[in-house]
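# here is a sequence with its predicted model. Questions after.
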Protein chains: 2
Amino acid sequence: MYVIQNSELPRAALPGIEHVTLAGSENGLKNLSIWEQSIAPGGATPPHRHDCEEVVLIRTGSGELHVEGKVHRFGANTTLVVPRNVPHQIINSGNCPLELVGVFAVSPVPVFFPDGQPIELPWAS
Amino acid sequence: MYVIQNSELPRAALPGIEHVTLAGSENGLKNLSIWEQSIAPGGATPPHRHDCEEVVLIRTGSGELHVEGKVHRFGANTTLVVPRNVPHQIINSGNCPLELVGVFAVSPVPVFFPDGQPIELPWAS
């Protein structure tokens, strides 16, 4: 399967977050997983970390990246770089959906709370 | 640097291809490189391969993925999965710009012609 129709992919959700895995382990990938998410106004990821590098492409909306005790504000058409194992949180601080693509350097993607406790996700990655 | 303003990034080009590296080795990444490209109507990448997995997010336009002797047509809102070291070519077969994001599982990204000859690129990856 070289071409995936995004509209046909399964959708999942966490409170305030709509999710689609665009590509990942179910496509035979071992070193890439791509997530498309929409975070509602006021919504946020939990504080978490991954045992891999992450890049987030911000499509629309605005928000805050909380990392290492600091707040980094961002708008549309920006790119967030999150090094491996650095705890972080993404918050939609705006009034419209925060639409993003999360790119991870491993598949499936391990997700942990900052204290190391694994987070079980309701989607395949 | 956690937040990158895409509009401030350097732009590069090959014939028929406009390119911006959104994130890569210059951001300290070793396992991810993200390229944003616009391929003009009639434009194409050369046939090439990478020594890493690749995923291509098709934003607008339509085209063809040529891989393993077959043609896979695609439109907007699709995702292309290209396994490691599989020669491939992306062609804009439509009438409007083909806008895409290329995601690679290593940084910098090695690019080769199918026969193994390295391709030198006019951008950092």
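Received the coordinates, thanks. This is a predicted model, so every value here is computed, not measured.

# which residues are in contact with the residue most central in space within chain A?
By C-alpha atoms, centre = their mean, chain A has its centre lying nearest to residue A:102, at 4.2 Å. Neighbour list for residue A:102: A:34-37, A:54-57 [criterion: C-beta atoms under 8 Å, 6 or more residues apart in numbering or on different chains]. C-beta here means a position set from N, CA and C on the backbone, and glycine is covered the same way.

# just to be sure, it is in a strand?
Yes. Assessed by DSSP: H, G, I helix; E, B strand; the rest coil, residue A:102 belongs to a strand.

# what's the spacing between it and chain B?
Distance from residue A:102 to chain B, counting by C-beta to the nearest C-beta, to the nearest Å: 11 Å.

# from the contacts of residue A:102, which land in strands?
Members of the contacts of residue A:102 lying in strands (criterion: DSSP state E): A:34-37, A:54-57.

# CSV for those residues, including distance to chain B, pLDDT and neighbour count?
As requested, the ones in strands among the contacts of residue A:102 are exported to CSV (distance: C-beta to the nearest C-beta, whole Å; pLDDT from 0 to 100; neighbours: other C-beta atoms under 10 Å in any protein chain shown):
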residue, distance to chain B, pLDDT, neighbour count
A:34, 5, 98, 26
A:35, 11, 98, 23
A:36, 9, 98, 21
A:37, 14, 98, 23
A:54, 8, 98, 23
A:55, 5, 98, 23
A:56, 9, 98, 24
A:57, 7, 98, 24
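
# bridging residues for the residue nearest to the centre of chain A?
residue A:35, residue A:56 (DSSP bridges).

# ok, the ones in strands among the contacts of residue A:102 vs residue B:41, which is closest?
For the ones in strands among the contacts of residue A:102, the minimum distance to residue B:41 (C-beta to C-beta) is 24.7 Å, reached by residue A:57.

# make sure the closest one is actually in contact with residue B:101.
Yes. The criterion here is C-beta atoms under 8 Å, and residue A:57 meets it with residue B:101 at 6.8 Å.

# next, show the common contact partners of those two.
A:101, B:22, B:34.

# flag every residue of chain A that's near chain B.
Remark: the part of chain A in contact with chain B comprises A:1-7, A:22-23, A:27-32, A:34, A:52-55, A:57, A:65, A:67, A:72-74, A:77-83, A:101, A:103, A:105-106, using C-beta under 8 Å from any C-beta of the partner chain.
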